[in-house]
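Asks: Below are the sequence and a predicted model for it; my questions follow.
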Amino acid sequence: MKLLFVENRYATWVYEAVAKRLEAQGHVIHWLVQNPVFTPNWGHTHVMPFPALLPQATCPSEGFDWLARKDRGVLHFGATVSHYPHYELQVREHLAQIQPDVIFGEATEFHELLVIRHAKALGIPYLSPNVTRYPADRLAFLAYDSLNPVGGEGSALSDAEADRMLDDIRHRKVVPSYMRPAVSTPRNLPFIKMADKARITWGWLRGERYITPSPRRKLALNAAQREARAQWELHAGSQVGAWTGLKGSQQPWVLYALQMQPEGNIDVWGTPWNDQVAIIQRAAESLERIGATLVVKPNPKSKYEMNARLNQVVSAAPNVMALPHTTPMVEVFPHVPLVLAVTGTVLMECIFSGKPVASLGDHAMAQYPGVTPIRDPEGLAPALSAAVRGELPTASPEQARTLLQTLHTHSYSASIWDPVAQPHFATPEVLRALADAFSHVLAHHAAVSPAAPR
């Protein structure tokens with residue numbers, strides 16, 4: 001097969017390790033590169049030039065609202081949309097030239113989303129390798145920019161194994177790999193961070209201004225985030241007594257766990273519900289009408305979702321309660337009558353624990369058993385009233401087990417990692433398992449969509 005890998009900074013290094021094994025199996029490897037600093041030095045490379053290096057693109061700038069709503073550069077880094085027409089033409093021309101059978105890539109950056117849109121139109125499979133939430137420590141290939149898995153090794157998780165795993169999840173004995181703290185710190189961590197900053201800055205100096213913020217803006221963003229986090233902690237600290245009282249009372253309340261941003265998990269999959277400040281404001285107003293409280297728990301590793309605008313809304317709303325970053329979920333989850341979620345892992349934890357959860361968004365998780373989809377945050381108050389009356393559906397133990405088994409069947413015993421922060425992951429065994437997963441999903445594609453190789 002002719003395979004196209006879409007560059008995404010350091011993820012490209014992992015793809016390279018896999019692609020070399022796939023090439024040895026007879027596949028032809030192509031690379032579509034947006035940031036030339038991460039261009040592989042082998043295979044058929046196609047580097048898209050920066051707009052400043054070419055005449056003004058003739059593609060009209062209208063019709064890209066869908067992309068701006070998902071693009072982290074626009075959402076978080078102050079980028080404009082002026083480069084969209086240029087990359088629209090570049091992606092279209094390169095796909096026409098390469099004619100890949102399958103495309104592998106993430107679904108986070110704007111150029112990947114453009115590739116996904118054209119791949120859909122052309123009927124080319126676009127597979128995005130992602131670490132699973134649950135069952136933990138596995139890999140799933142998601143179709144295009146969705147949460148729908150493709151393929152899977154097909155291995156069965158017995159009822160006893162699934163029930164044991166569910167019990168561990170409920171008692172928080174197992175957490176997704178991306179939520180775990182680092183078990184060790186490399187001795188050369190300062191050098192690693194310095195090399196990373198130098199590499200990213202070099203890309204910016206060469207012209208990559210569409211994903212990468214300027215060094216000055218990056219420093220300003222980080223400073224603003226630290227200040228916002230400090231302000232959040234001051235406000236949350238003043239509400240500790242009220243939080244203790246709420247837990248022990250019969251007053252109705254809803255939990256909203258902030259999702260980290262920028263992150264494709266909510267920026268892309270959660271669209272159009274990826275403005276968390278707006279969600280909190282509208283949900284709080286809905287709950288205020290029935291005398292209920294919205295409790296907001298920040299991500300312990302909060303990033304740019306923690307900002308001045310968030311603090312303004314939370315501190316101004318009379319029925320919003322902020323929790324400190326150090327508040328463990330085990331202190332919150334057992335007491336909450338209803339959880340509001342977009343695409344957060346807490347949604348799955350509600351399913352596995354038989355707890356009511358209301359979901360915003362039209363994505364696969366909203367269709368899981370025990371999830372109540374709501375059209376907008378204004379639908380939260382009716383959902384809470386139903387939950388308090390015991391009328392909101394929850395997943396049964398059998399439904400929770402079946403979901404976990406299904407997710408296991410449609411995933412692989414493989415890992416994907418950050419090659420900069422976790423270089424020790426790249427052992428021969430890990431690489432072999434990852435390459436086997438890629439090979440298997442390609443075989444699955446060939447079986448369900450037989451076609452002559454291009």
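Replies: Received the coordinates, thanks. Numbers count the residues shown, from 1 in each chain.
Asks: List the contacts of the host helix or strand of His30.
Replies: Using DSSP states H and E, His30 maps to strand 28-33. Outside strand 28-33, the residues that touch it by CB atoms under 8 Å, 6 or more residues apart in numbering are 1-7, 12, 19, 22-23, 39-40, 42-48, 91, 94, 98, 100, 111, 115. The way it works is simple: take the backbone N, C-alpha and C, and place the C-beta from them, glycine included.
Asks: and if we set it to 7 Å?
Replies: 2-7, 19, 22-23, 39-40, 43-48, 94, 98, 100, 115 (CB atoms under 7 Å, 6 or more residues apart in numbering).
Asks: Out of those residues, which sit inside helices?
Replies: Ala19, Leu22, Glu23, His94, Ile98, Val115 (DSSP state H).
Asks: Return a ChimeraX selection command for the buried portion of the residues you listed.
Replies: Only the buried entries of the ones in helices among the contacts of strand 28-33 go into this ChimeraX selection, using 16 or more other CB atoms under 10 Å:
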select :19,22,94,98,115
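Asks: just how off-centre is the strand holding His30 within its chain?
Replies: 24 Å (CA atoms, centre = their mean, to the nearest Å).
Asks: Could you do stretch 89-100 as well?
Replies: Centre to centre, stretch against its chain (CA atoms, centre = their mean), the figure for stretch 89-100 is 26 Å.
Asks: Mind listing what's buried along it?
Replies: Leu89, Gln90, Val91, Arg92, His94, Leu95, Ile98, Pro100.
Asks: so what's Ile116 up against?
Replies: Contacts of Ile116 (CB under 7 Å, 6+ apart): Ala107, Tyr126, Tyr144, Asp145.
Asks: what angle separates whatever helix or strand Arg92 lives in from strand 28-33?
Replies: Arg92 is part of helix 84-98, with elements assigned from DSSP H and E. With axes from the mean of the first three to the mean of the last three CA atoms, to 10 degrees defining the directions, helix 84-98 sits at 170 degrees from strand 28-33.
Asks: can you give me the mean pLDDT across helix 84-98?
Replies: Mean pLDDT, helix 84-98: 97.
Asks: same check, this time on stretch 290-306
Replies: 97.
Asks: Can you point out the buried residues in that stretch?
Replies: Those would be 292-299, 302-306, for stretch 290-306 by 16+ other CB under 10 Å.
Asks: List the buried residues for stretch 324-338?
Replies: Pro324, His325, Thr327, Met329, Val332, Phe333, Val336, Pro337, Leu338.
Asks: surely Gln399 meets Val371?
Replies: No - between Gln399 and Val371 there is no contact under CB atoms under 7 Å: 10.5 Å.
Asks: of all the buried residues of stretch 89-100, which comes closest to Gln276?
Replies: Val91 (29.5 Å; CB to CB).
Asks: Sketch out the low-pLDDT regions of the stretch 101-250 of the chain for me.
Replies: Scanning the stretch 101-250 of the chain for pLDDT under 70 picks out 177-187.
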